[in-house]
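Visitor: Quick one, fold the following:
(one chain, ligands or ions: 1)
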Amino acid sequence: MTMKMYRFRIYPSKAQEKQLGQHLWLAKNLWNDLLEHSKNTYRNFDKFPSRDALQLMSKDSGMYSQTSQEIAHRVENGIWRYVKLRKAGNRKAGFPRFRSIDRMRSLHYPQSGFWLGNELKVTPFAEIPIVQHRRIKGKIKTLTLKREASGKWFACFAVEETPVIKASNGKSRIGVDLGLKTLATLSNGSKISNPRHIRKHQDKIAFLQRVSDRKKKGSKNRKKAKRNVAIEFEKLKNTRKDFLHRLSHNLVNSYSFIALEDLASQELAEMNFGKQINDAGWGELANMLRYKAESAGCEVVFVNPEGTTKICCICENKMDMPLAVRGYDCPMCGNHMDRDLNAAYNILKRATAGSAGSNACGDGLHVRL
Ligand SMILES: [Zn+2]
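Guide: Below is the predicted model:
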C-alpha cells in the first residue's frame, strides 16, 4: 500500500468562503489556547498536559470534532518533538509557536466529515464545487482544506493505493546524493541542478522580500508587499513541483535501483541544516520517487545518512569534511574525487552491501577517478 496525495482546486461561494475563514480563525484560537494552557501547566506543575486533557479542551470549539481533535494532537506532537530534540542536545529546537491567522491555513479531516462525488461535501460547509483534474483510484483516507496565500482554496486528499508492481526494468543501479548547491549528484557522475526558472523565482522572492522589509511595519503597503512575497512563493512551489515530477519520472525510468539517504526524519533536518532542507524539496523528491518506483520497475532504497560525505568510497578511511571543502582527497589511498560524487558512491555502496552480486561501487563506477 502506498499513500498518494491529490490536490484539487475548490470554488467555495462567497458565504462558504466567509465560513471557511471563520473556521480557520477558530482553528487558530484553539491552537493558541492549547499552547498557552500547555505552557502554563508546565510552569505550574513542571509537566505538560496529557493527550486526554488537550483533547478535552478541544471539545466545543465550534469546528468539526475531528478537526479540532487533530489540532490537539498536533500541539501535543509539536511539544513532544521539542522535548525529544532538546534531550538529544539540540539547543536550537523551537517550542511550537503561537500563530497569527496568516499562519493558520488549513483544516484537517483525519477520517470522516466529508464525502467526494461530483462536488465535495464537507461538514459544516455543505457542498463545495471542486475541479477534479485526475481520477482518484484508491481509498481516500484524509482531507485537508487549504487556503493559499493568494486566497485560493484547495482540497488535498491522502489516498491509499495498491501499487501495480512491475518486474525490474533491467537498467543500472545508481546512488544519489542530495545537496543544496547541486540538487542531486548521481554516482555515474551526472549532476542535476535546480533549473534556471526556479532560481529566477528565488531571486524574485529575495527582491520582493527586501521591498517588503523597507515598508513601514504595520502599514497597508507592507501588508500588500508581504502578500506579493507569498504569491511568488506559491509560484515557486508549483514550478518546483513540476520540475520534481519530471525529474522523478526520468530517474525511475532510467534506473532499476536508486539509493538515497534517509533524510525523511524531520528531526535530522532540524539538527543538521535548519530550514534549508525543507526548502530544497528533498522530501518531496524522495516521496515522488518512492511512489513512482514500483510501477516503473525500479526499486528505491533509503540508507542511513551518517558519515556518507566523510568516508572514502574506495578505502573507507574517515576524515572531517567541512562544507566548504568541495573535493575528497584521501590521504590513505590517494582517491581524489568530487565531494558529492564520493557521497553518492557511499550511498549506493551502503544500499547494496551484502546483496548478491554487488560490487564495491555498484554499476555506477565508470567515472574517471
Ligand atoms: Zn581512500
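Visitor: got the phi/psi numbers for residue 176?
Guide: phi -120, psi 120 (degrees, to the nearest 10).
Visitor: What count of nearby residues applies to it?
Guide: 26 (other CB atoms under 10 Å). Every residue, glycine included, has its C-beta placed from N, CA and C.
Visitor: Quick check: the gap between the residue nearest the centre of the chain and residue 8.
Guide: Closest to where the C-alpha atoms of the chain average out (CA atoms, centre = their mean) is residue 283, at 4.5 Å. Remark: distance between residue 283 and residue 8 (CB to CB, to the nearest Å) = 22 Å.
Visitor: Parallel or antiparallel, list what pairs with the strand or helix carrying residue 260.
Guide: Residue 260 is located in strand 257-261, with elements delineated by DSSP states H and E. Strand 257-261 has its sheet partners listed here by DSSP bridges as strand 173-178 (parallel), strand 299-303 (parallel).
Visitor: how distant is the last one from the center of its chain?
Guide: Read that as strand 299-303. Computed by CA atoms, centre = their mean, to the nearest Å, the chain-centroid distance of strand 299-303 equals 18 Å.
Visitor: And the helices in the stretch 151-300 of the chain?
Guide: 196-214, 220-254, 266-272, 276-280, 282-293 (DSSP state H, counting those that start in this stretch).
Visitor: Least confident of these, on average?
Guide: The weakest mean pLDDT among the helices of the stretch 151-300 of the chain belongs to helix 266-272, with a mean of 51.
Visitor: quick one: the residue nearest to residue 120 when sequence neighbours are not counted and residue 121, what's the gap?
Guide: In space, and not counting its chain neighbours, residue 120 is closest to residue 130: 4.4 Å by CB to CB, 6 or more residues apart in numbering. As defined by CB to CB, residue 130 lies at a distance of 10 Å from residue 121.
Visitor: out of those two, which sits in the more crowded spot?
Guide: More crowded of residue 130 and residue 121, by other CB under 10 Å: residue 130, with 20 against 14.
Visitor: dump the residue contacts of the more buried one.
Guide: Residue 130 makes contacts with 8, 9, 10, 11, 116, 119, 120, 155, as judged by CB atoms under 8 Å, 6 or more residues apart in numbering.
Visitor: Quick check: of the residues you listed, which lies closest to the ion?
Guide: Using CB to the ion, residue 8 comes nearest to the ion of those, at 51.8 Å.
Visitor: what's downstream of the one helix or strand the closest one maps to, the next helix or strand?
Guide: Per DSSP H and E, residue 8 falls inside strand 2-10. Next along the chain after strand 2-10, taking DSSP H and E as the criterion, comes helix 14-45.
Visitor: buried residues in that following helix?
Guide: Applying a neighbour-count criterion of 16 or more other CB atoms under 10 Å, one finds 16-17, 20, 23-24, 26-28, 30-35, 37-39, 41 buried in helix 14-45.
Visitor: That helix to strand 2-10, inter-axis angle?
Guide: Relative orientation of helix 14-45 versus strand 2-10 (axes from the mean of the first three to the mean of the last three CA atoms, to 10 degrees): 130 degrees.
Visitor: could you say what helices and strands helix 14-45 packs with?
Guide: helix 51-57, helix 65-87, strand 106-109, strand 139-147 (3 or more CB pairs under 8 Å, 6 or more residues apart in numbering; DSSP states H and E).
Visitor: so which of these is the most packed in?
Guide: strand 106-109 (a mean of 20; mean count of other CB atoms under 10 Å).
Visitor: Return the residues in contact with residue 195.
Guide: Here residue 195 is in contact with residue 243 (CB under 8 Å, 6+ apart).
Visitor: ok, 10 Å please
Guide: 183, 239, 240, 242, 243, 246, 247 (CB atoms under 10 Å, 6 or more residues apart in numbering).
Visitor: repeat for residue 95
Guide: 35, 38, 39, 42, 78, 79, 81, 82, 83, 86.
Visitor: now do residue 68
Guide: 23, 26-27, 30-31, 34, 55, 57-62, 107-108.
Visitor: hmm, back to that, any idea how far residue 195 is from the residue nearest to residue 120?
Guide: 31 Å.
Visitor: Residue 300 too?
Guide: According to CB to CB, residue 300 stands 23 Å off from residue 195.
Visitor: how about low-confidence regions in the stretch 251-369 of the chain?
Guide: Within the stretch 251-369 of the chain, the ranges that satisfy pLDDT under 70 run 264-280, 354-369.
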